[in-house]
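Asks: Starting from these lines, generate the structure:
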Amino acid sequence: MNRRLIISDLDGTLLNKKGELSKETIETVKKVIAAGHVFCISTGRPRRSAIKFYTELGLTTIMSNINGGYISNPSDPSFYPINNVFSKDILFNLLNDETIRSHTKKLYVENQQGGIIFYKDEDIEVSDDIVELFHVNKKDVVKIDINKKEDWDIVTGDIYSILISINKKSLDDVSFAIKACTTTLFVDYWKNPKNPDIITIDIRTTFQNKGSALEFVACYYGIPLRNTYAFGDGRNDIDMMKLTTRSYAMKNGHYAVKMASYKITSHSNDDDGVAKQLKKSLLV
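Replies: Numbers count the residues shown, from 1 in each chain. Just a heads-up that it's a prediction; the model follows:
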């Protein structure tokens, strides 16, 4: 009756500013698990860049990656992963649109193959901002000239998400073109903190969000949402924060997630905000 589900984002939430788990956070999560509670990670990162933290925390539970695009249990080979993907043909439709292609500075595809960057002749370096956002190693990213259609066929797997970097002046034109190509996908955008003139458009299936992932995890473990603690700091956490009255936006979080959450942690991610709240709430 007292078992709780705790689901937490990684970057800006469970991880400190260095992108690391502190000793206090690791020890607290392990105490939470030892007390019989269920702790899960829900992150925008792909599995390959989150598995390190899953292992450090000693987890054996379900993990949600790519904002609910890929749900798996790394500790259980018998668990059949859930893939919220869309057809690669939609990518080709977008690439074939002259407005989208001409305004695109970089286009990043995250799919079942890994990470794929489409670039232009005059800018062949892998985009640091996109690589950082998706936490991938440059050496692991396949690079394709966006204007060489004969090379597009290297994309063979279904797609989790597409990120398109454009100049913010082109946002209206590109957004309209995307909507003309597909009316079935979720389209959002991010501002680039390092370059205010650049906007990154995020395209993914409407089924791919942290709220849906939380509902699945809660059902899987048989723990009601009212007994679930959720921690996050960004706009992509909002869907899961709205589902429980035990949701905590990080003190360092975006104002939008603070508005969507029921409470705010007393401490930031750089001061073990999640760990301190769990100690207080669960008495571990």
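
Asks: I'd like the distance between residue 16 and residue 50.
Replies: Separation of residue 16 from residue 50 (CB to CB, to the nearest Å): 16 Å. C-beta coordinates here come from the backbone N, C-alpha and C atoms, glycine included.

Asks: Isn't residue 41 up against residue 54?
Replies: Yes. At 6.1 Å, residue 41 and residue 54 qualify as touching, with contact defined as CB atoms under 8 Å.

Asks: who has more neighbours, those two?
Replies: residue 41 (25 against 21; other CB atoms under 10 Å).

Asks: In three-state terms, label that one for me.
Replies: Of the three states, residue 41 takes strand according to DSSP: H, G, I helix; E, B strand; the rest coil.

Asks: Grab the nearest non-local neighbour of it.
Replies: residue 63 (4.8 Å; CB to CB, 6 or more residues apart in numbering).

Asks: Give me the neighbour count for the one you found.
Replies: Residue 63 has 24 nearby residues by other CB under 10 Å.

Asks: for the one 4 residues further on, same thing?
Replies: By the other CB under 10 Å criterion, the neighbourhood of residue 67 contains 28 residues.

Asks: just residue 167 next, same as before
Replies: Residue 167: 14 neighbours (other CB under 10 Å).

Asks: For the spatially closest residue to it that is not a sequence neighbour, which residues are in contact?
Replies: In space, residue 167 comes closest to residue 197 once its chain neighbours are excluded; the distance is 5.9 Å by CB to CB, 6+ apart. Taking CB atoms under 8 Å, 6 or more residues apart in numbering as the criterion, residue 197 is in contact with 167, 168, 169.

Asks: Name the nearest residue to the most centrally placed residue in the chain, ignoring sequence neighbours.
Replies: Nearest to the mean C-alpha position of the chain, by CA atoms, centre = their mean, lies residue 44 at 1.2 Å. Distances taken as CB to CB, 6+ apart place residue 67 nearest to residue 44, at 4.9 Å, with adjacent residues excluded.

Asks: How about residue 25?
Replies: Nearest to residue 25 is residue 275, by CB to CB, 6+ apart, at 4.6 Å.

Asks: tell me the SS of residue 180?
Replies: Assignment for residue 180 (three-state DSSP): helix.

Asks: tell me the contacts of it?
Replies: residue 97.

Asks: Could you measure from it over to residue 72?
Replies: 34 Å.

Asks: Looking at per-residue confidence, what score does residue 48 get?
Replies: Looking at residue 48, its pLDDT stands at 88.

Asks: I'd guess it is in a helix, am I close?
Replies: Yes. Judged by three-state DSSP, residue 48 forms part of a helix.

Asks: Provide a list of residues in contact with the residue nearest to residue 25.
Replies: 22, 24, 25, 27, 28, 29.

Asks: ok, residue 16 and residue 50, which is more surrounded?
Replies: Each of residue 16 and residue 50 has its neighbours counted (other CB under 10 Å); residue 50 has more, 22 against 18.

Asks: Hmm, the more buried one is touching residue 44, no?
Replies: No. Counting by CB under 8 Å, residue 50 sits too far from residue 44 to count as a contact (9.3 Å).

Asks: what sits in contact with each of the two?
Replies: Joint contacts of residue 50 and residue 44 (CB under 8 Å, 6+ apart) are residue 65.

Asks: Residue 244: which element?
Replies: Using DSSP states H and E, no element contains residue 244; it sits outside every helix and strand.

Asks: What distance do you get for it to residue 280?
Replies: For residue 244 relative to residue 280 (CB to CB), the value is 17 Å.

Asks: Same check on residue 205?
Replies: 37 Å.

Asks: So which of those two has more stuff around it?
Replies: Taking neighbours as other CB under 10 Å, residue 205 and residue 280 compare with residue 205 leading, 20 against 11.

Asks: Which parts of this protein are helices?
Replies: Using DSSP state H, the helices of the chain run over residues 23-34, 51-56, 88-96, 98-103, 128-134, 171-181, 210-221, 238-241, 255-260, 273-282.

Asks: got those helices as JSON lines, with distance to residue 161 and mean pLDDT columns?
Replies: Converted to JSON lines, those look like this (distance: least, CB to CB, whole Å; pLDDT from 0 to 100):
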{"stretch": "helix 23-34", "distance to residue 161": "28", "mean pLDDT": "98"}
{"stretch": "helix 51-56", "distance to residue 161": "19", "mean pLDDT": "97"}
{"stretch": "helix 88-96", "distance to residue 161": "10", "mean pLDDT": "95"}
{"stretch": "helix 98-103", "distance to residue 161": "16", "mean pLDDT": "94"}
{"stretch": "helix 128-134", "distance to residue 161": "9", "mean pLDDT": "63"}
{"stretch": "helix 171-181", "distance to residue 161": "13", "mean pLDDT": "94"}
{"stretch": "helix 210-221", "distance to residue 161": "13", "mean pLDDT": "98"}
{"stretch": "helix 238-241", "distance to residue 161": "15", "mean pLDDT": "96"}
{"stretch": "helix 255-260", "distance to residue 161": "20", "mean pLDDT": "96"}
{"stretch": "helix 273-282", "distance to residue 161": "26", "mean pLDDT": "97"}
